[in-house]
Structure formats: structure tokens, C-alpha cells
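**Student:** predicted model and sequence below, questions to follow.
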Amino acid sequence: MTETAHSGTALDDLVRRLTILEDVREIEQLKYRYAGFCDDGYDPDGIASLFVEDGRWVVDGEGGSMTGHDEIKDHFRALSDKIPWALHYVIAPRVTLSEDGLSAVGEFYLLCLCTIERAQDSSTHDAVILTINYTDQFVKRDGSWFFQELLGKTHQVSDWNKGWVEQPFRE
């Protein structure tokens, strides 16, 4: 009897640990899908599909603040004109799950190489390097993970030929 109870406890612990690993992996993959949609012309429908209906996308600097699928889609439709090319390198994921396993916080770094139009002349573009720290909120709905809030703090947005020392933020 004691052996069976012990085996059940060990099995329960193994299932719990496996679920945590799978959830963390799914959240990381969600963030990477987000980067993939951004790199695919800022696909507005794809990006919005990663958020809950009332989800928020907030990035300081050249970003903005959007709530809900419609605002998120509108933002990314416009962004694809301003940034015709980008390659998002999302690195150093740190995901912390809540005790109930239904929400999580994820921290990530972004190194992004992109082509951005000049503010003074939208017909001209510059090669730009951008870095952001993300602290995102995730929720699990019907067995799948979604963004509740994507929150980005921009460190620098610099023209490639000037770099972040000479020009930490573009004008």
C-alpha cells in the first residue's frame, strides 16, 4: 500500500514537472511565432491571433499602445509601410509560471535589424539596429497560451552607420 501511494506521488510529480516544461516551451514558441509574423511583413492577422481578445501591445519609443485585436491589426498594417524589412532575434527567454499554471510572465531580449523610413523623408530608408527588453504577460485559455500583454522597453534605435553610442535614438 505504501509503495503504491509513493508511486502515485512520484508519477504526479513527474506529470506536474512535465506540464511546467511543456508550458514554458509553448510560451517561448508563442514569442518566436510573434517574431516570425513581424519578420513576415508585420502580418497583422497573424500577430493579433496570438493575443487574447482584449490583449495589449505596448512598446515605448517608436512603438505605441494598442488594446484589442482591431487596434493591434491597424497598428501593424501601418507599421509594414514604415518598416518594410525586419529580422527579430528574440533571445534569453525567462518564463515564470503562476502556481495555478494559467498565467505566466516572460522576459526576453530583442535584437532587431530593420529598414525604417526616415521621419523627414518617407521615401528614404535607413538600416537600423534596435534593442528592446520585453516583460510579457501570458494566459492559458482552453489549453493554449496567448499574450495578455506584450510590454517592450526600448533601449536604443540607431542608424547602422552611427551605432548606439553616437545615436542612441533616431530623430
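**Tutor:** That came through, no problem. Numbers count the residues shown, from 1 in each chain.
**Student:** flag every buried residue along the biggest helix by length in the chain.
**Tutor:** In the chain, taking DSSP state H as the definition, the longest helix is helix 2-39. Neighbour counts over helix 2-39 (16 or more other C-beta atoms under 10 Å) mark 23-24, 26-28, 30-31, 34-35, 37-39 as buried. Bear in mind the C-beta positions are built from the backbone N, C-alpha and C, glycine included.
**Student:** for it, packing partners?
**Tutor:** Here helix 2-39 is seen to pack against helix 44-48, strand 85-97, strand 103-117, strand 125-141, strand 144-159 when contacts are counted using 3 or more C-beta pairs under 8 Å, 6 or more residues apart in numbering; DSSP states H and E.
**Student:** recalculate using a threshold of 6 Å.
**Tutor:** Packing partners of helix 2-39 (3 or more C-beta pairs under 6 Å, 6 or more residues apart in numbering; DSSP states H and E): strand 85-97, strand 103-117, strand 144-159.
**Student:** mind listing residues that contact the second one?
**Tutor:** Residues from elsewhere that reach strand 103-117 (C-beta atoms under 6 Å, 6 or more residues apart in numbering): 27, 31, 82-97, 125-126, 128, 130-132, 134-136, 138-139.
**Student:** among these, name the buried ones.
**Tutor:** The buried subset of those (16+ other C-beta under 10 Å) comprises 27, 31, 83, 86, 88, 90, 93, 95, 97, 125, 128, 130-132, 134, 136, 138-139.
**Student:** show me the contacts for the spatially most central residue of the chain.
**Tutor:** With distances taken as C-alpha atoms, centre = their mean, residue 31 lies nearest the centre of the chain, 4.5 Å away. Residues in contact with residue 31 (C-beta under 6 Å, 6+ apart) are 90, 108.
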